[in-house]
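# Got a sequence here, can you model it:
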Amino acid sequence: MLDSDQQNDCILEAASGNDVIMIVEKAREGNREAFERLVGIFQDEVFRMIYYRTRSRFDAEDLTQEVCLRAYKNIRRLKDGDRFRSWLFGIAVNCVHDFHRKRQFFSLFDIFGGDNTAEKESDGPDSTPTVRLENTEFWQHINTLSSRLSRLEREVFFLRFMDHLSIKEISQALNKNESTVKTHLYRALKKFKEDSALIEMIQGGLE
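Have a look, this model is predicted:
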């Protein structure tokens with residue numbers, strides 16, 4: 001009896017090359033059945049790729065669904081059917097990056113306890129709760145809120161959150177002392193915490 005990897009290899013062999021390109025073309029034309037067949041071919045591969053990077057079956061399942069949803073919404077933009085697999089993995093990489101950026105954000109935000117958010121230096125993979133939020137809506141809201149920050153608050157916030165620099169590294173990059181960096185990061189986080197719509201969005205994503 002074949003194990004799951006052997007079964008996947010057989011599926012890929014049976015639907016490789018020109019077969020996959022034909023299925024992709026049908027999916028691009030709006031054929032949902034064709035897209036579901038593509039999901040059947042590549043879903044396990046995508047799941048494994050995500051699982052190795054999250055080490056959580058729950059998160060990997062959730063993110064795999066997100067990858068499939070993004071692919072379905074954007075498949076008409078794919079010009080070359082023979083690049084579907086690499087294109088799909090590109091989407092998966094972006095989803096994983098978004099996932100980790102959100103976890104980094106909530107670790108900084110620290111709305112679940114503690115008042116030393118500006119001084120946190122370490123954010124391990126299990127340091128925050130699992131967060132499931134619709135990507136576009138979440139980041140649009142973050143961008144809107146960030147426009148209300150002062151220039152230095154915004155710079156410190158994104159260097160810490162988006163670029164994952166430590167307080168010391170931010171201090172060196174901006175030529176500011178660490179106390180100033182912490183003060184502006186604290187002010188930025190405080191403004192985010194005061195936004196009730198964002199709090200509701202976060203708490204809804206934890207359900």
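# what about Ala92, helix or strand, and which?
helix 84-109 (DSSP states H and E).
# try Leu159
helix 151-161.
# now for the helix or strand that that helix is followed by, which elements pack on it?
Downstream of helix 151-161, the next assigned helix or strand under DSSP H and E is helix 167-174. Judged by 3 or more CB pairs under 8 Å, 6 or more residues apart in numbering; DSSP states H and E, helix 167-174 is in contact with helix 151-161, helix 178-193. C-betas here are computed from N, CA, C, even on glycine.
# weakest of these by average pLDDT?
The minimum mean pLDDT among those belongs to helix 151-161 (a mean of 85).
# What helices and strands are in contact with that one?
By 3+ CB pairs under 8 Å, 6+ apart, helix 151-161 packs against helix 84-109, helix 135-146, helix 167-174, helix 178-193.
# Could you dump those helices into CSV and include mean neighbour count?
Formatted as CSV, those follow (neighbours: other CB atoms under 10 Å):
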stretch, mean neighbour count
helix 84-109, 18
helix 135-146, 14
helix 167-174, 16
helix 178-193, 18
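# In the protein, what helix or strand scores lowest on average pLDDT?
In the chain, no helix or strand scores lower on mean pLDDT, DSSP states H and E than helix 4-14, which sits at a mean of 46.
# one step back: quick one: the helix holding Ala92 to helix 151-161, angle?
With axes from the mean of the first three to the mean of the last three CA atoms, to 10 degrees applied, the angle from helix 84-109 to helix 151-161 works out at 120 degrees.
# Could you pull up the mean pLDDT of helix 84-109?
The average pLDDT for helix 84-109 rounds to 82.
# and that helix, how far from the chain's centre?
3 Å (CA atoms, centre = their mean, to the nearest Å).
# elements contacting that helix?
Helix 84-109 packs on helix 18-28, helix 32-54, helix 57-74, helix 135-146, helix 151-161, helix 178-193, going by 3+ CB pairs under 8 Å, 6+ apart.
# Least confident of these, on average?
Looking at these, the bottom one is helix 135-146 with a mean of 72.
# report the angle between the axes of that one and helix 57-74?
Using the same axes, to 10 degrees: helix 135-146 against helix 57-74 is 90 degrees.
# about what we covered before: and the helices and strands packed on helix 84-109 as JSON lines, adding distance to His97?
What follows is these, written out as JSON lines (distance: least, CB to CB, whole Å):
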{"stretch": "helix 18-28", "distance to His97": "24"}
{"stretch": "helix 32-54", "distance to His97": "9"}
{"stretch": "helix 57-74", "distance to His97": "11"}
{"stretch": "helix 135-146", "distance to His97": "11"}
{"stretch": "helix 151-161", "distance to His97": "13"}
{"stretch": "helix 178-193", "distance to His97": "21"}
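# for those helices, which one sits closest to Lys168?
Lys168 lies closest, by CB to CB, to one member of these: helix 178-193, at 6.4 Å.
# Helix 84-109 and the closest one, what's the angle between them?
100 degrees.
# Any idea how far helix 178-193 is from the middle of the chain?
24 Å.
# Show me what that helix is packed against.
Helices and strands touching helix 178-193, by 3+ CB pairs under 8 Å, 6+ apart, are helix 84-109, helix 151-161, helix 167-174.
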